[in-house]
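Engineer: curious how this folds, go ahead:
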Amino acid sequence: MFGKLFLVFKYKELNFVRIIFAIYIFGFCYGTTNHIIDIHRDGLLGYDYVPLPINIYWTLLTILDPLAIILLLFLPFLGMVLSVLIMITDLAVNISVALYYYLQTGTFADGRLFLQIAFGLFVFVTVPFAWKRIKGSSGNRPPSPHPPNVRKN
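Structural biologist: As a prediction, this is how the structure comes out:
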């Protein structure tokens, strides 16, 4: 549904949504790339410095991030829901790990966390706007002021 709209964007109000989604897609591509690099470097479930549930979650992001991209393109409402869920859980996990590490060592180890927080805030702030615009453009358009040309005999 939205894949077609994403490429065509006939409706003027969706142009800004296209930019928002492009930023989402860039962010999730960046995340996917990082997780693929980590798996290539350290192996599957290579985050052995964290508890197993966090290790599994970070590894699963290699699948969840691209899934969010696909859903954003073809099922945008599900894509936005998954995007928000990924960002809520990812930020909760990453902030917790960074805070724990800071309390243990007195140093802050993850310089990219601020980028994740910024991206997460962008997703949280823009999803309601994008949701409203897409909903308003997909079949819920007001009827034309000109009735169709119908002949009566």
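
Engineer: check what pLDDT the residue most central in space within the chain gets.
Structural biologist: Residue closest to the average C-alpha location in the chain (C-alpha atoms, centre = their mean): Ser83, at 3.4 Å. If you check Ser83, the pLDDT there is 98.

Engineer: show me what the one helix or strand it maps to is packed up against.
Structural biologist: Ser83 belongs to helix 76-105 when assigned by DSSP states H and E. The contact analysis (3 or more C-beta pairs under 8 Å, 6 or more residues apart in numbering; DSSP states H and E) places helix 76-105 against helix 15-42, helix 52-74, helix 113-137. All C-beta spots, glycine's among them, are computed from the backbone N, C-alpha and C.

Engineer: quick one, it and helix 52-74 angle?
Structural biologist: Orientation note: helix 76-105 sits at an angle of 150 degrees relative to helix 52-74 (axes from the mean of the first three to the mean of the last three C-alpha atoms, to 10 degrees).

Engineer: from what I can see the residue nearest to the centre of the chain touches Ala68, true?
Structural biologist: Yes: Ser83 is within contact range of Ala68, at 5.1 Å (criterion: C-beta atoms under 8 Å).

Engineer: common neighbours of the two, please.
Structural biologist: Listed as contacting both Ser83 and Ala68 by C-beta atoms under 8 Å, 6 or more residues apart in numbering are 24, 28.

Engineer: ok so, going back, using CSV, lay out the helices and strands packed on helix 76-105 together with distance to Ala98 and mean neighbour count.
Structural biologist: Output for the helices and strands packed on helix 76-105, formatted as CSV (distance: least, C-beta to C-beta, whole Å; neighbours: other C-beta atoms under 10 Å):
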stretch, distance to Ala98, mean neighbour count
helix 15-42, 15, 16
helix 52-74, 12, 17
helix 113-137, 5, 16
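
Engineer: which residues touch the closest residue to Gly31 other than its chain neighbours?
Structural biologist: Using C-beta to C-beta, 6 or more residues apart in numbering and skipping the chain neighbours, the partner closest in space to Gly31 is Asp65 (4.6 Å). Asp65 makes contact with 28-29, 31-32, 35, 86 under the criterion C-beta under 8 Å, 6+ apart.
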